[in-house]
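*Asks:* following is a predicted model, sequence given first.
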Protein chains: 2
Amino acid sequence: MLPFDLSLYLVTDRSLSLGRTLSEVVEAAVKGGVTMVQLREKDCSGKEFYELAMLMKTLLKPYKVPLIINDRLDIALACDADGLHIGQDDIPYPIVRKLMGKDKIIGLSVENIEDTIEANNLDVDYIGISPVFSTLTKTDTASALGLDGVKEITRISKHPSVGIGGINQSNAKDIIHAGADGISVVSAIMSANDPSLAASELRKIVNESKNKK
Amino acid sequence: MLPFDLSLYLVTDRSLSLGRTLSEVVEAAVKGGVTMVQLREKDCSGKEFYELAMLMKTLLKPYKVPLIINDRLDIALACDADGLHIGQDDIPYPIVRKLMGKDKIIGLSVENIEDTIEANNLDVDYIGISPVFSTLTKTDTASALGLDGVKEITRISKHPSVGIGGINQSNAKDIIHAGADGISVVSAIMSANDPSLAASELRKIVNESKNKK
């Protein structure tokens, strides 16, 4: 499997890019220090999603930053992405693993302790702890776990983890101190005036917090 | 590839089943004479779609009626369906064929002459001529082709074809006489008081119309 670093994991949302293209924002963010990119597109056709994924793959390749597709196993297979991120309501993990193969990165969202215990029985590559804080960018998630929730889940989980939901410069260090291996952000980078600078500052916070652990 | 018969092709829509379960309506329809079933589910999670597909696969197997999945290549792969039906806005056909393999049935919707000419360059197994008449059950389609459109498309196409959109007992024979190999219906069976009887009557019309060609 491709080595991966969960430190600063950008999840895309074109609607939050302030009119800039996805390529523009993602490339700036990667130059600033993003370590993984998840393409999350909810309201577009399969064709458009596939074309965007191919664009992202080409863009990320020289940076050796893994491209993870959200939910859509078919898009991940079609563009031969580095991985897939699934939630509790997606195609069951064992089938996803079988179709993706053992060399791909597969992440699974966990929303509570039960999900975390179940994930321990699966050879997923990481878990996404979701949502840490309440957020406007994802409306179909469970109630916010808070920092105590992150602590409890990282204590129980045998997998590397990344927190997601409402994470920004003001609370990034708390997520790492609560036990997560990285932070996942959407608007903190997608909507930043300077996505490269935002990524660079967030990455610095994560690195410093990890060193102090 | 599994042999298939386009004569009477049921496309599902749970919202039109008048409160009956999908299994109930589909099994009755197959007993009545449906020759293919396409599972089309737009507003459900990947998990639910997968579970429905597995249910349909088990249900249809003893009848040797092929199960075709609409749009979602990942669901088709996950449940090892007999085939996949894609539209012009889905993942491009060559990639779909590569991932599905040569033994699966792949159908492609064509909405005009240009699509039909392009489809002639692909080894799709059939085309869906869509929509023949305007319909309320699918809102993202192009303008209605009418019987003249069906005639023109079937004249040009090198592939077997099925008409879809607003087809019922009153116009089924016209579709066959216009050159299609079968009819595809949604509400004419899904919303019928007696789906088995509706299927049986439609099948009879198709068979008689084919004999008179």
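*Replies:* Cool, the structure landed. Quick caveat: nothing in here was measured; it's all calculated off a predicted structure.
*Asks:* make it CA atoms for all contacts and neighbour counts henceforth
*Replies:* Will do.
*Asks:* need the helices for chain A, in chain order.
*Replies:* Taking DSSP state H as the test, the helices found in chain A are A:22-32, A:46-60, A:73-78, A:93-100, A:113-120, A:146-156, A:172-177, A:187-190, A:195-211.
*Asks:* save those helices as TSV, and put in mean neighbour count and mean pLDDT too.
*Replies:* Rendered in TSV, the data for those read as follows (neighbours: other Cα atoms under 10 Å in any protein chain shown; pLDDT from 0 to 100):
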stretch	mean neighbour count	mean pLDDT
helix A:22-32	20	98
helix A:46-60	19	97
helix A:73-78	25	98
helix A:93-100	17	98
helix A:113-120	16	98
helix A:146-156	18	97
helix A:172-177	21	97
helix A:187-190	24	97
helix A:195-211	20	97
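*Asks:* export these to TSV and tack on distance to B:Thr21?
*Replies:* Putting the helices of chain A into TSV (distance: least, Cα to Cα, whole Å) gives the following:
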stretch	distance to B:Thr21
helix A:22-32	42
helix A:46-60	28
helix A:73-78	28
helix A:93-100	26
helix A:113-120	30
helix A:146-156	39
helix A:172-177	45
helix A:187-190	41
helix A:195-211	49
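*Asks:* quick one: contacts for the nearest residue to A:Thr135 once chain neighbours are set aside?
*Replies:* In space, and not counting its chain neighbours, A:Thr135 is closest to A:Gly166: 5.1 Å by Cα to Cα, 6 or more residues apart in numbering or on different chains. Going by Cα atoms under 8 Å, 6 or more residues apart in numbering or on different chains, A:Gly166 touches A:Pro131, A:Val132, A:Phe133, A:Ser134, A:Thr135, A:Val185.
*Asks:* those residues into TSV, with extra columns for pLDDT, distance to B:Ala172 and neighbour count?
*Replies:* Shown next, in TSV, are the contacts of A:Gly166 (pLDDT from 0 to 100; distance: Cα to Cα, whole Å; neighbours: other Cα atoms under 10 Å in any protein chain shown):
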residue	pLDDT	distance to B:Ala172	neighbour count
A:Pro131	94	52	25
A:Val132	95	55	24
A:Phe133	94	56	16
A:Ser134	86	53	19
A:Thr135	76	51	17
A:Val185	97	54	25
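*Asks:* if we can go back for a sec, and the residue nearest to A:Thr135, how far from chain B?
*Replies:* 24 Å (Cα to the nearest Cα, to the nearest Å).
*Asks:* now A:Met54
*Replies:* Distance from A:Met54 to chain B, by Cα to the nearest Cα: 12 Å.
*Asks:* where is the longest strand in chain A?
*Replies:* Longest strand of chain A, by residue count under DSSP state E: strand A:105-110.
*Asks:* is any residue of it near chain B?
*Replies:* No: judged by Cα under 8 Å from any Cα of the partner chain, strand A:105-110 makes no contact with chain B; its nearest approach is 13.5 Å.
*Asks:* sheet partners, orientation included, of that strand?
*Replies:* strand A:83-86 (parallel), strand A:126-129 (parallel) (DSSP bridges).
*Asks:* got the buried residues for the first one?
*Replies:* By that I understand strand A:83-86. A:Gly83, A:Leu84, A:His85, A:Ile86 (16 or more other Cα atoms under 10 Å in any protein chain shown).
*Asks:* quick one: which of those residues is nearest chain B?
*Replies:* A:Ile86 (9.6 Å; Cα to the nearest Cα).
*Asks:* right, and the closest one touches A:Leu108 too?
*Replies:* Yes: A:Ile86 is within contact range of A:Leu108, at 5.0 Å (criterion: Cα atoms under 8 Å).
*Asks:* around chain B, which positions in chain A sit nearby?
*Replies:* A:45-48, A:50, A:72-75, A:77-78, A:89-92, A:95-96, A:99.
*Asks:* ok, 7 Å please
*Replies:* A:Ser45, A:Gly46, A:Lys47, A:Tyr50, A:Leu73, A:Asp74, A:Ala78, A:Asp89, A:Asp90, A:Ile91, A:Pro92, A:Ile95 (Cα under 7 Å from any Cα of the partner chain).
*Asks:* the last one contacts B:Asp80, correct?
*Replies:* Spelled out, it's A:Ile95. No: look at A:Ile95 against B:Asp80 with Cα atoms under 7 Å: they stay out of range, at 10.7 Å.
*Asks:* residues contacting the closest residue to A:Ser200 other than its chain neighbours?
*Replies:* Spatial nearest neighbour of A:Ser200, excluding adjacent residues (Cα to Cα, 6+ apart): A:Gly32 at 4.5 Å. Contacts for A:Gly32 (Cα atoms under 7 Å, 6 or more residues apart in numbering or on different chains) come out as A:Ser196, A:Leu197, A:Ala199, A:Ser200.
*Asks:* of the residues you listed, which is the nearest to A:Ile127?
*Replies:* Nearest to A:Ile127 among these: A:Ala199, at 21.4 Å, using Cα to Cα.
*Asks:* A:Gly32 and A:Val186: what is the separation?
*Replies:* 15 Å (Cα to Cα, to the nearest Å).
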